[in-house]
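Undergrad: Return a 3D structure for these sequence lines:
(one chain, ligands or ions: 1)
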Amino acid sequence: MLKGKTVLLGVSGSIAAYKTASLASALKKLNADVHVLMTPNAVNFINPITFESLTGNKCLVDTFDRNFEYSVEHVSLAKKADVVMVAPASADVIGKIAHGIADDMLTTTVMACRCKKIIAPAMNTNMFENPIVQDNMRTLEEYGYEVISPAVGYLACGDTGAGKMPEPELLLEYILQETACEKDMEGLKVLVTAGPTREMIDPVRYITNHSTGKMGYAMAKVCARRGAEVTLVSGPTALKAPEFVKTVQITSAKEMFDEVTGRAEEQDIIIKAAAVADYRPKYVSAEKIKKQDPQGAGGSVADMTVLELERTDDILAYLGEHKKQEQFLCGFAMETQDLLENAHRKLKKKHLDMIVANSLREEGAGFGGDTNVVTLVTEDEEVSLGKMTKEETASHILDAILARMARE
Ligand code: CTP
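TA: Now for the predicted structure:
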């Protein structure tokens, strides 16, 4: 995913430095060319050999390393960097960069970079809250640096509060957001729906389906990485809300209807990956429904064994009917039989521009997994994509959407 990209990681003196090793490793696995620069203090917390083993590149510590062509190294690295992240960034390094002090390999290189610069502060809460540090971070933001808010939690010094460096997974998201995709969706507003809905029977029971939300979350994430302004309306899932996306959590089909239709007007693209319940209980009991034992010969329990249902509103059909000019509407159809016939029928009936059809019968497709096998169905075309990850599937769907939007 990051082939051909150069990522610089600046590591300064903080106990959180050990977490940066996982980040370096994750970046390397995504084929990035990773270079680590450490302040002299950082080597007290983690050995440069760790980073050298993980990245395959020499770890740069000191501008006055006589065994090394230091004079040009920081400039050439700065030139080829696609993104630089300082993680952990100590109060000292933040202060230096904010005031233009470049007295070691890390600070000189950061200062010479023209690419996006991301700072992940890590320090004791009192230091973090110190007005001088706060001022320095504001200064960095004014100069266009992105400062990631530290997490709140138990700190190595024994205090609990703000100052914890975010986990490597989150830091990786920031780097991917910057480098993983071309920003070909900049200026577009996209609404994505994901996950199942829950239709309450009583306070302890509900009707739902097997959707895990993975496909919709992948769509939202990739749209954001490509520069779109993304709103994700999600039913209950076990997934973490994606970064760089506005996530709206809902429970029922009715709530999804309200949240989606209320935002539809302003969207350029709407992608409905959610598995919305088609039916809900007609009556929702305010109290837990108690089971009833058969009452002997002639006794009836029919009332307790039949759940009366009513239809939910079809959100996509509503959006199709109220579609504004130039808005692109993409639905999903999961089928167990007659995949393409059903997809074409839904495309037409709901006035869609595209429907992504997948079969529950296909190996590698369907609920819960990390892969999918889909066919992109439009009025005049059927394009089958092979088995690929849900993120790759999302990228192909977006390529197809953008190509059709450009044509129309
Ligand atoms: N959908 C919706 N609102 C509903 C039901 C479905 O917006 N109440 C959307 C889904 O998000 C999906 C598409 O419609 O994008 C197709 O959903 P699916 O359940 O496959 O189709 P249905 O139209 O419900 O048809 P059927 O139940 O006959 O398969």
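Undergrad: Please make it C-alpha for all contacts and neighbour counts, starting now.
TA: OK.
Undergrad: which regions of the stretch 1-150 of the chain sit below the pLDDT cut-off?
TA: Across the stretch 1-150 of the chain, the ranges flagged by pLDDT under 70 are 63-74.
Undergrad: Helices along that one, start to end?
TA: Applying DSSP state H, counting those that start in this stretch to the stretch 1-150 of the chain gives helices spanning 17-29, 48-55, 70-80, 91-98, 105-112, 125-129, 131-142.
Undergrad: a markdown table please, covering those and showing mean neighbour count and distance to the ligand.
TA: Compiled in a markdown table, the helices of the stretch 1-150 of the chain are given as follows (neighbours: other Cα atoms under 10 Å; distance: least, Cα to the nearest ligand atom, whole Å):
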| stretch | mean neighbour count | distance to the ligand |
| --- | --- | --- |
| helix 17-29 | 20 | 34 |
| helix 48-55 | 18 | 42 |
| helix 70-80 | 16 | 43 |
| helix 91-98 | 20 | 46 |
| helix 105-112 | 22 | 46 |
| helix 125-129 | 17 | 45 |
| helix 131-142 | 16 | 40 |
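Undergrad: As CSV, those helices with distance to Ser211 would be great.
TA: Output for the helices of the stretch 1-150 of the chain, formatted as CSV (distance: least, Cα to Cα, whole Å):
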stretch, distance to Ser211
helix 17-29, 28
helix 48-55, 37
helix 70-80, 43
helix 91-98, 44
helix 105-112, 44
helix 125-129, 41
helix 131-142, 40
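Undergrad: Which among those helices is found nearest to Lys183?
TA: helix 70-80 (19.2 Å; Cα to Cα).
Undergrad: So which bits of the stretch 251-400 of the chain are right by the ligand?
TA: When proximity is defined by Cα under 6 Å from any ligand atom, the stretch 251-400 of the chain lies next to the ligand at 272-278, 312-316, 331-334.
Undergrad: Restricted to strands, list those residues.
TA: If you go by DSSP state E, those have 272, 331-334 in strands.
Undergrad: What's the local residue count around the closest residue to the ligand within the stretch 1-150 of the chain?
TA: Residue nearest to the ligand within the stretch 1-150 of the chain: Met1 (28.2 Å; Cα to the nearest ligand atom). Met1 has 13 neighbouring residues, counting by other Cα atoms under 10 Å.
Undergrad: still on that earlier bit, tell me which of the helices of the stretch 1-150 of the chain sits nearest to Asp338.
TA: Closest to Asp338 of these, according to Cα to Cα: helix 17-29, at 39.9 Å.
Undergrad: any residues touching the closest one, and which ones?
TA: Identification of contacts with helix 17-29 by Cα atoms under 8 Å, 6 or more residues apart in numbering yields 2, 9, 11, 34, 42, 45-46, 50-51, 54-55, 87-88, 167-169, 171-172.
Undergrad: and Ile94, what is it in contact with?
TA: Contact analysis of Ile94 by Cα under 8 Å, 6+ apart lists 121, 133, 136-137.
Undergrad: In JSON lines: those, plus distance to Thr197.
TA: Shown next, in JSON lines, are these (distance: Cα to Cα, whole Å):
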{"residue": "Pro121", "distance to Thr197": "39"}
{"residue": "Val133", "distance to Thr197": "45"}
{"residue": "Asn136", "distance to Thr197": "45"}
{"residue": "Met137", "distance to Thr197": "42"}
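Undergrad: farthest pair in those?
TA: Farthest-apart pair in the contacts of Ile94 is Pro121 and Asn136; separation 11.3 Å (Cα to Cα).
Undergrad: shaky segments in the stretch 301-408 of the chain?
TA: By pLDDT under 70, the low-scoring segments of the stretch 301-408 of the chain are 301-304.
Undergrad: got the residue ranges for the strands in it?
TA: For the stretch 301-408 of the chain, the strands defined by DSSP state E, counting those that start in this stretch cover 309-311, 328-335, 354-359, 371-372, 374-378, 381-384, 388-389.
Undergrad: Grab the most central residue of this protein for me.
TA: Most central in the chain under Cα atoms, centre = their mean is Pro242, positioned 3.2 Å from the mean C-alpha point.
Undergrad: tell me the pLDDT at Ser300?
TA: The confidence metric pLDDT takes the value 48 at Ser300.
Undergrad: again, but for Glu178
TA: Here the pLDDT value assigned to Glu178 is 96.
Undergrad: Burial check on it, number of neighbours?
TA: Residues lying near Glu178 (other Cα under 10 Å) number 20.
Undergrad: Identify the residues contacting it.
TA: Taking Cα under 8 Å, 6+ apart as the definition, contacts of Glu178 comprise 83, 116, 225.
Undergrad: wait, what's in contact with Phe332?
TA: Phe332 neighbours (Cα under 8 Å, 6+ apart): 272-274, 355-358.
Undergrad: Report the beta-bridge partner residues of it.
TA: Applying DSSP bridges to Phe332 gives these bridge partners: Val356.
Undergrad: ok, now Thr247?
TA: Taking DSSP bridges as the rule, Thr247 bridges to Leu232.
Undergrad: So for it, what's the pLDDT?
TA: For Thr247, the model assigns a pLDDT of 98.
Undergrad: got a list of what it touches?
TA: Contacts for Thr247 (Cα under 8 Å, 6+ apart) come out as 231-234, 241.
Undergrad: Swap in 10 Å and give it another go.
TA: Taking Cα atoms under 10 Å, 6 or more residues apart in numbering, we find Thr247 in contact with 191-193, 217, 220, 230-234, 241.
Undergrad: top helix in the chain by residue count?
TA: helix 390-407 (DSSP state H).
Undergrad: Tell me which residues of that one come out buried.
TA: Going by neighbour count (16 or more other Cα atoms under 10 Å), the buried part of helix 390-407 is 390-395, 397-398, 401.
Undergrad: Dump that helix to CSV, restricted to CA.
TA: What follows is helix 390-407, C-alpha atoms only, in CSV (Å, rounded to 0.1, in the frame of the first residue of the first chain):
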residue,chain,number,x,y,z
LYS,A,390,-12.8,-5.1,1.6
GLU,A,391,-10.6,-2.0,1.4
GLU,A,392,-9.4,-3.0,-2.1
THR,A,393,-13.0,-3.7,-3.1
ALA,A,394,-13.9,-0.2,-1.8
SER,A,395,-11.2,1.4,-3.9
HIS,A,396,-12.5,-0.4,-7.0
ILE,A,397,-16.1,0.7,-6.3
LEU,A,398,-14.9,4.3,-5.9
ASP,A,399,-12.9,4.2,-9.1
ALA,A,400,-16.0,3.0,-10.9
ILE,A,401,-18.2,5.7,-9.3
LEU,A,402,-15.7,8.5,-10.1
ALA,A,403,-15.4,7.3,-13.7
ARG,A,404,-19.2,7.3,-14.2
MET,A,405,-19.6,10.7,-12.5
ALA,A,406,-16.9,12.1,-14.9
ARG,A,407,-18.8,10.6,-17.9
